[in-house]
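K.L.:
I'd like to go over a predicted model; first the sequence, then the structure.
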Amino acid sequence: MSRAALLLLADGRFPAGGHAHSGGVEAAIAHQAVHDTDSLEAFCRGRLHTTGLTMAGLAAAAAAGVDPLLLDDAADARTPAPALRAVARRLGRQMMRAARATFPSEDLERLAAERPQGAHQPLVLGLAARAAGLTPLDAAHAAAYENAGGPATAAVRLLSLDPLDASGLLARLSSETDAVATAAAQAADRVAAEGIDALPSASSPLLDITGEQHAAWSVRLFAS
Amino acid sequence: MSPAAQLVNDRAALAGALSGAEEPAGHPHGVRATARIHAAYNGRVTTLPQLRSDGPFHLRRMRTDGSSAKVGIIGAMSAPLGGDRLTIDVTAGDRAVLEVTTAAATLALRGPTTAPATYDVRLTAGEHAGLRWLPQPLISAAGSNLRQTYTVELAATARLLLREEQLLGRTDEDPGHLVSRLLVRRAGRPLLDQQTAYGAPEPGWDGPAVLHGHRAVGQLLLVDPEMGTRRDPVLLREGSQDGSAVLTPLAGGPALLATAVAPTSSALRELLDEALAHALRE
Amino acid sequence: MHLDHPVTMPQRHTHSAEPLSADGTRRALRVGLGGPVGSGKTASVAALCRTLRESWSIAVVTNDIYTREDAEYLLREAVLPPERITAVETGACPHTAIRDDISANLEAVEHLEETLHPLDLVLVESGGDNLTATFSKGLVDVQVFVIDVSSGDDIPRKGGPGITTADLLLVNKTDLAPHVGADLATMADDAKRQRGDLPVIFTSLTSDDGIREVADWVTAHLTEWHAKAAV
């Protein structure tokens, strides 16, 4: 495996559209639920252990070679809010564009042909990791890291937080991020024996509710 | 062991338990019980060929005014307590119409052990069957540790109404540890799969991304193959301190899911009732 | 974990702004309009649409700082039917969306091309940003940098990637020059020094047909673009 490939894939500068998404923190800020570094850390922690774990599991399973169409259905079942499904597929298309150019592979071409409207982003991330010669655990790490890092970056812009505080909170979350990635990869490892239900489906009621609310706003800075 | 490594182990154990691969050993003092309800259609009305009470679940046939059947579950002892392993298995056969309710809230308490209790609800509805699962809330009392699993199997033409309400802690107490998974398959395909985990030691459960101080959380799932055309999401009470909810169409079939958080059980019920009214609107 | 088959994948020409569509036809010309806040980008887009819409099939992608304001202005002004205007959210970083990570804009442009086929011209308007914001060549074929005289007549002298490299520099609001003490001749000299032979157009959109010269410049590019398609 190439460790540099993992850094490339997990880098916020990887041009896959993530910069325009706040991971729900724009809505949380609007509701005054996130207003400073501490509340942002609590938000990132909650997201990491809910949708972060679920997305990391899907990414790991895709990287492990589980049928991406089955995973796409599993991702739909784990995403009851249509606004968040639309976001996941849009980001999946954008990740697909970047991944096909960066890590061309037959798996990616096949999925792009089978899901022209986009597959859920974590699966595309997982297949990109696979194409780059990375492990399921690597893919889970990239997904888990993005789940906490995305909202942190967005909150720096929205709240004018000190970016050093945001880096500090991500550093404090790093062992939990590792743990989530490991749990996700272990779950992906069980899919062969236990089926797709072995993947985590951790969810958060508020992210579903506010995700749908945010999509209905007429004025917003972030796409989600 | 580092906290992170501990977390990995906890997560792995949890995922194993919920997938049924690695059931936690029941405590020797824990109750093991499996209650069964089987409803069948005899060409005229729905009958109840099997009504098997067990352990804390006392089942009572209730009067209905039509051709459907209704069963009330009456708590015969305090349950679930730590170490208990409880199962309710409900089947509405082809064309049967069944409603199941509980007489009182289900209170999860700390038992003689801190080991988790398991509470598995298995709901199965056959072709053209109708199943309504409308229990009173589940209360996660301080010190309790419960893993609840709903496994729902629906035939392609089955109808379902499921309401699930969770109250985290009795008045002014911290909740216990409550992990629930709701897994719904329709015609063999996944329709909904969600797991929630509240109370210590879950990381971030009460933070701004998950509950943000709300202590009542619930869902209402309506599956109806005759449901009209595409439905738009409905937002209920955005930004309110009294909770909020969203009613959304699921991807995998003719189904609507309401998700609600609220400060109190009454506010939660109001939100879910309101969502149901929207869901039933043509 | 590695590729099972060590074959090289045929490089698909779908990642960025390759001139040919998947079906082999030439796609629409993509023109970027960037520049600082308040310099008249949206007004220029509106004027271009009014002037060119009878002759060409046009669509617009806006990159608002605060979503939809510009798109809604264009809708209100009814310069194009609503299905021809798309807003892209930029996550508070409009320059990122047109330069560093263009995927959301490419999505928007391709969606317009698919739904409005055949399309001749897509105008991509950046969110108002600073003097360093330029469009990626992966997103647009030619770009216009829009400044205005009221923001200071020293802007061309200061330079920056937009001023020096844009295919067209548009200096807007010349009618305000006497009121703000801007020296148009100095601006023209500075622009010439920064840009060499690259064109500069001074305009006032408040005058009748003030956009004409810009529209002609766009038309020349369009004609050339579609002439290549006919070969």
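P.N.:
That came through, no problem.
K.L.:
ok, which stretches of chain C are strands?
P.N.:
For chain C, the strands defined by DSSP state E cover C:29-34, C:58-62, C:85-87, C:121-125, C:142-148, C:168-172, C:200-202.
K.L.:
longest helix anywhere in chain A?
P.N.:
Looking across chain A with DSSP state H, the single longest helix is helix A:136-159.
K.L.:
give the next helix or strand downstream of that one.
P.N.:
Once the chain leaves helix A:136-159, the next helix or strand it forms, by DSSP states H and E, is helix A:163-172.
K.L.:
is any part of that next one close to chain C?
P.N.:
No - Helix A:163-172 lies apart from chain C when judged by C-beta under 8 Å from any C-beta of the partner chain; the minimum separation is 13.4 Å. Where you see a C-beta, it was placed from the backbone N, CA and C, and this is true even at glycine.
K.L.:
rounded mean pLDDT for that helix, please.
P.N.:
Averaging pLDDT along helix A:163-172 gives 97.
K.L.:
kindly report the same for stretch C:56-74.
P.N.:
Over the span of stretch C:56-74, the pLDDT mean works out to 82.
K.L.:
first-to-last residue distance for that stretch?
P.N.:
With C-alpha to C-alpha, to the nearest Å applied, stretch C:56-74 spans 18 Å between its terminal residues.
K.L.:
neighbours around C:R84, how many?
P.N.:
21 (other C-beta atoms under 10 Å in any protein chain shown).
K.L.:
check C:T25 too.
P.N.:
10.
K.L.:
quick check: the gap between it and C:D120.
P.N.:
Distance, C:T25 to C:D120, by C-beta to C-beta, to the nearest Å: 12 Å.
K.L.:
shared neighbours of those two, which are they?
P.N.:
The contact sets of C:T25 and C:D120 do not overlap (C-beta atoms under 8 Å, 6 or more residues apart in numbering or on different chains).
K.L.:
which SS class is B:H38?
P.N.:
Following DSSP: H, G, I helix; E, B strand; the rest coil, B:H38 is assigned to strand.
K.L.:
for C:L116, give me its contacts.
P.N.:
By C-beta under 8 Å, 6+ apart, the contact list for C:L116 reads C:57, C:59, C:83-84.
K.L.:
helices of the chain, residue ranges please.
P.N.:
Looking at chain A here, since you left the chain open. Per DSSP H, chain A carries helices over the ranges A:3-10, A:25-30, A:37-47, A:53-63, A:68-77, A:82-102, A:106-114, A:121-131, A:136-159, A:163-172, A:174-194, A:205-216.
K.L.:
should've been chain B
P.N.:
B:3-19, B:265-280.
K.L.:
from chain A, how far off is the residue of chain B found nearest chain C?
P.N.:
At 18.0 Å from chain C, B:E238 is the closest residue in chain B, using C-beta to the nearest C-beta. For B:E238, the distance to chain A equals 5 Å [C-beta to the nearest C-beta, to the nearest Å].
K.L.:
ok, that residue - contacts?
P.N.:
Contacts of B:E238 (C-beta under 8 Å, 6+ apart): A:213, B:244.
K.L.:
same thing with C:A104?
P.N.:
A:17, A:20, A:94, A:223, C:88-90, C:97 are the contacts of C:A104 under C-beta under 8 Å, 6+ apart.
K.L.:
filter those down to the ones near chain B?
P.N.:
Okay, of these, nothing touches chain B (C-beta under 8 Å from any C-beta).
K.L.:
can you say which of the residues you listed are buried?
P.N.:
A:17, A:20, A:94, A:223, C:88-90, C:97 (16 or more other C-beta atoms under 10 Å in any protein chain shown).
K.L.:
between those residues, which sits nearest C:G127?
P.N.:
Nearest to C:G127, judged by C-beta to C-beta, of these is C:T90 at 5.5 Å.
K.L.:
for the closest residue to the closest one other than its chain neighbours, what are its contacts?
P.N.:
The spatially closest residue to C:T90, leaving aside those adjacent along the chain, is C:A97, at 4.2 Å (C-beta to C-beta, 6 or more residues apart in numbering or on different chains). Residues counted as contacts of C:A97 (C-beta under 8 Å, 6+ apart) are A:19-20, C:63, C:88, C:90-91, C:104-105, C:126-127.
K.L.:
what's the top helix by length along chain C packed up against?
P.N.:
In terms of residue count, the longest helix belonging to chain C (DSSP H) is helix C:212-230. If you count contacts as 3 or more C-beta pairs under 8 Å, 6 or more residues apart in numbering or on different chains; DSSP states H and E, helix C:212-230 packs onto strand C:29-34, helix C:41-52, strand C:168-172, strand C:200-202.
K.L.:
rerun at 10 Å
P.N.:
In terms of contacts (3 or more C-beta pairs under 10 Å, 6 or more residues apart in numbering or on different chains; DSSP states H and E), helix C:212-230 is packed against strand C:29-34, helix C:41-52, strand C:121-125, strand C:142-148, strand C:168-172, strand C:200-202.
K.L.:
buried residues in that helix?
P.N.:
C:214-215, C:217-219, C:221-222, C:225.
K.L.:
repeat for stretch C:164-180
P.N.:
For stretch C:164-180, by 16+ other C-beta under 10 Å, it's C:164, C:166-174, C:177.
K.L.:
same check on stretch A:133-142?
P.N.:
For stretch A:133-142, by 16+ other C-beta under 10 Å, it's A:134-142.
K.L.:
so it, near chain C or not?
P.N.:
Yes - among the residues of stretch A:133-142, A:133-136, A:138-139 lie within reach of chain C under C-beta under 10 Å from any C-beta of the partner chain.
K.L.:
how about that stretch, does it get close to chain B?
P.N.:
No - against chain B, stretch A:133-142 shows no contacts by C-beta under 10 Å from any C-beta, the least distance being 11.6 Å.
K.L.:
end to end on stretch B:127-137, go ahead and measure it.
P.N.:
With C-alpha to C-alpha as the measure, stretch B:127-137 spans 29 Å from end to end.
K.L.:
brain fart, stretch C:19-35
P.N.:
One end of stretch C:19-35 sits 25 Å from the other (C-alpha to C-alpha).
K.L.:
what is the mean pLDDT for stretch B:243-257?
P.N.:
pLDDT averaged over stretch B:243-257 gives 95.
K.L.:
distance-wise, check the closest residue to chain A within the stretch 51-200 of chain B relative to C:G162.
P.N.:
Residue nearest to chain A within the stretch 51-200 of chain B: B:P190 (3.8 Å; C-beta to the nearest C-beta). Using C-beta to C-beta, B:P190 is found at 50 Å from C:G162.
K.L.:
more neighbours: those two, which one.
P.N.:
Here B:P190 and C:G162 are compared on neighbour count by other C-beta under 10 Å; more neighbours surround C:G162, at 25 against 21.
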